[in-house]
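> Quick one, what's the 3D model for this:
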Amino acid sequence: MSHRQLDLHAGNGRVDTDSPTNRVVATLHGLLPQGSAVALAWDDAVLGQGDCVSPGADGLRGPVRALLAGEPLPDGLRQAVVERWTDGEGGARIVVLAEIDASFSDAQRQAWLGTAHALVAAVLVSLRQGVQIEQLERAKRLQRALFEIADLAGSDLEMPQMLAHFHRILCTLMYADNCYIVECDEHQSSLRFLYFADELDNFAPHPERRFRFEEMQDSLTFAVLRLGRTMHGPSRELLQVLDHQHSVHSGPDSADWLGVPMWRDGTVCGAIVVQSYESGVQYGDEDRDVLNFVAKHILTAMDRRQAHVQLEQHVQRRTLELERANASLQEEIQERRRAEALQAALFNVSELAMSAGSQAVFHAEVHRVIGGLLDASNFYIALVNEQGDGLDFVYSVDEFNRVRASRAFSGGLTEYTLRSGQPLLATRAEIDQLIARGEVREFGAKSQCWLGVPLFSDDEVVGVIAVQSYNPQVSFTAHDQRLLAFVARNIGNSLARQRDRNRLLQAHAELEQRVAERTRELGEVNQKLLAQIGERMRVEQRLTHLAMHDVLTGLPNRLQLLEKLEEAIEHAQLGMGPMFALLFLDLDRFKWVNDSIGHAAGDRMLVEVAQRLVGMLRSDDVVARLGGDEFALLVRCDGAKEAMDVGRRLLRSLEHSMWVDGRELFPSGSIGIALWSPRYTSGAELLRDADAAMYRAKGMGQDRCMLFDEAMREQSLQSLELEADLRRAIINNDFLPFYQPIVSLADGAVVGHEALLRWQHEGRGLLLPGEFISLGEESGLIEQVDWLIYEQVVRDLAGTGSGYVSVNVSPRHFRSSEFAARLLGLLEAAGADPGRLRVEITEMALLEDAPRTLRTLYQLRERGIVVQLDDFGTGYSALSYLHRFPISALKIDRSFVAGLHADNGKSTQALVEGVVSLARTLGIETIGEGVEDERQLRTLFDMGCNFGQGYLLGHPLPREATLYRMA
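Predicted coordinates:
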């Protein structure tokens, strides 16, 4: 027995009067005459050997044990009653020994022995069941632990956190408060403690610190690694057996020590150790087996985690290499672009020199060309005048010096460049130094950076081209200087076009050669980059392979299912494969499990369901988990009937209850079936149709199968076509508002209109909302449609009338915190009065997200927009919200108005009167919807209803037909 099992009998020398066997002996003893004694012994395959005696009969313990071993009865007990038998159910050998007074008759003895048979058999059955229950519970704990270990292997936890979780899991299986895990490295002759947790030992090694073998050779841990076998016992005794001395690495003495090696590819690679410092806590064979078993799985999980980390590191290294290569390539591309830009500038300058009609046009074009190469916001060209004693500024563009007059030679930066015949790039500090040395003077506004290049003609300096910056944040570089100098040479050479043209052609040829060489180099780099990209793609393929299965259930995931479907479709199209069907299973009410007893319980339920599904199908069928509570099954079958039979069998397999976290659950599901036919060209199409059939099954009551048929296909096609039409209609703005008047019941005056949505379909004409609203809600397009209508209504509001217009607002809009701001923005952009716009909301909007809706409505109310409650009384009982929300009017649903004069009209009238009275008390207007005859109109008026709306008072019409008249 392990340290967790309890004694089932008193045969160990202790008196346990509450044990089941002692109670049986006490019962049998009570049936005998006074002075009798009873002893019981047994040998059972499950319970082992045991014995117990009645009070004061310890002398019978030895004899009854001897009888169980097959020895004869001692001479002193020849008159005692002995009964031996073998239990038919469990195969246990049983001996009952009794000393009974001679007055006890034979009949009484036989009856007493019969009672003994029955009681002993019953108690052994009960004890066996208790042991089996304990074994089952341990098996369940072990299974849960393995699931958790597998989950941890795929988690994002770092190794220390993952090992701490392993420790927690191990503690659920055995006493393991003191536990550590070591890793052995034979190549480095060292070991390290990956994890260490101990109540008494203050030893706290860092997981990365390595201990040499010679440091640890006297420790029990090293003995486990060296011998490669499990070691168990008190630590002092184990050290004595190994002939080792107690050392600093031995730690505190433990009452019981258990260490098991971990093996990888036939080599010891580590060990896991647990120990107890309490004499009452001892490890048994079962604990040793559990620790060995769990150690294998922990090692597997650690290896998987380490492999994952190494793969991630490899991918990161390769990604970094690719990024570096890409940066180098980008730099080469930039260099090529600069070369191409310079080449284009040279061509432009050369072309201008040959074709410009005047020097002024030529200079302006030169400025434009240079501006494409560097910042030339402040630019001028200065030429030596014909007399050779001054400068003419033939072209100038400047932020401050708008006009540059000709001047005699002076000490400016331009003259400095002329004298030196060299380009000059000077910062503000360098200019100040030149001024301080008396080499230059400054004219006009102070430059923060100045760049000037001499212009040559026939090797003679004839002028200067210059750019400058007045902004400290803008400066020029040596690269800019080289560019400007290069261009300047061509500008100067325009004075001698023929000679400059030959030089330009030569420069162009040289540049083309350099570009060609650089292009070849870039081609080589590109080939290397392609090879690196190929390697990365192979790495990504390996990662994709790891992502082909569901982590929780181990089943194929959606990606692998689609691949299997594509293979099956291809084989079926070629006539090489059997007929098949795709079954789409969705568990009913699974969300209730997650919400009520937790996601962990839901996960265990999904694992159980997955096992049942796999167990029901053939080995060549495919069971996949798509996510959540959705499963898909690829099944080989001969036709629709067999596919439906498979579906029903699967549903029956789910009917059996399962126990999760102490609760008995009865799962059920809905199955949609798509049978393969030649019209399917992809797995996604099959999955789509099976999904549609599943939703049809769920809509018909759940816990059933539904086969996808032509009617569903036609409906799906119609929905797809209508959705495509709806998307085109949104692009083309094919929606328009129809306005239905709202009339005062007191004087018949029109006080406002309700804007009702209409779709001018290109093929089907004018469509009412009921024909497309549900599709719009499902596809999420209805909000775009609403905003198109809101824009038209706001434009109409800004154009005419003085009455109000109400628009319907779906609860979906209140999920966005930007709704109020956007609607108010439309009104402001159109110049419309917010006080003439009303929004109609349903009771569902009040209940769905009350805090968010309340904030939005108050934002609208603050700007003058009135809020009306539409279809009041249709089932959500929003009476308690009327005083909380800024509701100014409520519309009595048309179903109540229509029922005012029906068979049960009195109850309807009472209800409407109550609504009107409540609204009047709260200061809320009432509007009766669906008024179609005079009796309804009169009744509403008599009840005190303020306004009415319906065909009797006016049909919905486009703006032009109603002339948009507002009271």
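> ok, and what's touching stretch 318-326?
525, 528-529, 532-533, 535-536, 539 (Cβ atoms under 8 Å, 6 or more residues apart in numbering). Any C-beta I mention is one placed from the backbone N, CA and C, and that applies to glycine too.
> switch to 10 Å and redo it
Residues outside stretch 318-326 that contact it (Cβ atoms under 10 Å, 6 or more residues apart in numbering): 525-526, 528-529, 531-533, 535-536, 538-539.
> Over to stretch 472-487?
338, 341-342, 345-346, 348-349, 366, 369-370, 373-379, 422-428, 448-454, 465-469, 491, 507.
> Filter those residues down to the buried ones.
Among the contacts of stretch 472-487, the ones that count as buried by 16 or more other Cβ atoms under 10 Å are 342, 345-346, 348-349, 366, 369-370, 373-376, 378-379, 423-427, 448-454, 465-469, 491, 507.
> Scan the chain for its longest helix.
helix 285-355 (DSSP state H).
> model confidence over it, on average?
Mean per-residue pLDDT for helix 285-355: 78.
> quick one on the thing from earlier: mind giving me the PyMOL select for the contacts of stretch 318-326, buried ones only?
Per 16+ other Cβ under 10 Å, the buried members of the contacts of stretch 318-326 correspond to this PyMOL selection:
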select buried, resi 525+529+532
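> In helices only, show me the contacts of stretch 318-326.
525-526, 528-529, 531-533, 535-536, 538-539.
> from those, which single one is nearest Glu570?
Top of the list for closeness to Glu570, among those and by Cβ to Cβ, is Arg538 at 24.9 Å.
> Read off the pLDDT value for Ile865.
96.
> and it, backbone torsions?
Ile865 adopts backbone torsions of phi -80, psi 130, taken as degrees, to the nearest 10.
> Where in the chain is the helix or strand with the lowest mean pLDDT?
helix 497-546 (a mean of 71; mean pLDDT, DSSP states H and E).
> pLDDT of the helix or strand following it, averaged?
Downstream of helix 497-546, the next assigned helix or strand under DSSP states H and E is helix 558-573. The average of the pLDDT scores along helix 558-573 is 90.
> Downstream of helix 558-573, the next helix or strand is which one?
Criterion used, DSSP H and E; the element after helix 558-573 is strand 580-587.
> which strands and helices sit next to that next one?
helix 558-573, helix 599-616, strand 622-627, strand 630-636, helix 640-655, strand 669-675, helix 683-699, strand 705-707 (3 or more Cβ pairs under 10 Å, 6 or more residues apart in numbering; DSSP states H and E).
> Who does the last one pair with, and is each partner parallel or antiparallel?
So that's strand 705-707. strand 669-675 (parallel) (DSSP bridges).
> Report the inter-axis angle for the strand it pairs with versus helix 640-655.
160 degrees (axes from the mean of the first three to the mean of the last three Cα atoms, to 10 degrees).
> follow-up on the earlier one: chain center to the longest helix of the chain, what's the gap?
25 Å (Cα atoms, centre = their mean, to the nearest Å).
> burial of Tyr331, as a residue count?
Just to correct that, residue 331 is Glu rather than Tyr. Residues lying near Glu331 (other Cβ atoms under 10 Å) number 10.
> before we move on, what about His308?
16.
> how near is it to Glu158?
From His308 over to Glu158 the distance is 12 Å, taken as Cβ to Cβ, to the nearest Å.
> hey, what's in contact with both of these two?
By Cβ under 10 Å, 6+ apart, no residue touches both His308 and Glu158.
> quick one: pLDDT of Gly259?
94.
> Enumerate every residue touching it.
180, 182, 220-221, 223-225, 229-232, 238, 271-275, 288, 291, 295.
> just Arg229 next, same as before
With Cβ under 10 Å, 6+ apart, Arg229 has these contacts: 223, 259-261, 268.
> for Ser254, same thing?
178, 198, 200-201, 220, 233-236, 238, 273-278.
> tally of neighbours for Leu900?
Count around Leu900 with other Cβ under 10 Å applied: 22.
> Quick check: phi and psi at it.
Taking degrees, to the nearest 10, you get phi -60, psi -30 for the backbone angles of Leu900.
> thought it was touching Val912?
Yes - distance between Leu900 and Val912: 6.8 Å, which falls inside the contact criterion (Cβ atoms under 10 Å).
> and the residue nearest the centre of the chain, what is it in contact with?
Nearest residue to the geometric centre of the chain (Cα atoms, centre = their mean): Gly627, 11.2 Å. The neighbours of Gly627, taking Cβ under 10 Å, 6+ apart as the test, are 550, 557-558.
> Please list the members of the contacts of Arg229 that lie in strands.
259-261, 268 (DSSP state E).
> where does the stretch 51-200 of the chain dip in pLDDT?
The model of the stretch 51-200 of the chain has pLDDT under 70 over residues 78-79, 90, 150, 152-156.
> mind listing the strands for it?
81-86, 93-99, 178-185, 190-197 (DSSP state E, counting those that start in this stretch).
> now the stretch 851-967 of the chain
Using DSSP E, counting those that start in this stretch, strands in the stretch 851-967 of the chain cover 866-872, 889-892, 925-929, 947-949, 957-958.
> So Gln833 sits against Thr800, correct?
Heads up, residue 833 is Asp, not Gln. No - here Asp833 does not reach Thr800: they are 11.9 Å apart, not a contact under Cβ under 10 Å.
> Could you break this structure into its assigned domains?
20-134, 156-283, 339-515, 558-708, 722-962 (automatic domain parsing).
> Could you export those domains as JSON lines, including distance to Ala327?
Output for the domains of the chain, formatted as JSON lines (distance: least, Cβ to Cβ, whole Å):
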{"stretch": "domain 20-134", "distance to Ala327": "65"}
{"stretch": "domain 156-283", "distance to Ala327": "29"}
{"stretch": "domain 339-515", "distance to Ala327": "19"}
{"stretch": "domain 558-708", "distance to Ala327": "33"}
{"stretch": "domain 722-962", "distance to Ala327": "40"}
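> right, and the ones you listed - which one's nearest Leu329?
Short answer: domain 339-515, nearest of the domains of the chain by Cβ to Cβ, at 15.5 Å.
> chain center to the closest one, what's the gap?
For domain 339-515, the distance to the chain centre is 61 Å (Cα atoms, centre = their mean).
> Could you do stretch 730-738 as well?
On Cα atoms, centre = their mean, the centre of stretch 730-738 falls 37 Å from the chain's centre.
> Give me the mean pLDDT for it.
On average, stretch 730-738 scores 93.
> outside of that stretch, which residues touch it?
725-726, 728-729, 753-762, 766-768, 776, 781, 784-793, 796, 805, 807, 955-959, 961-962.
> Next step: those residues restricted to helices.
Using DSSP H, the contacts of stretch 730-738 in helices are 725-726, 728-729, 776, 784-793, 796, 959, 961-962.
> Fine, thanks again, bye for now.
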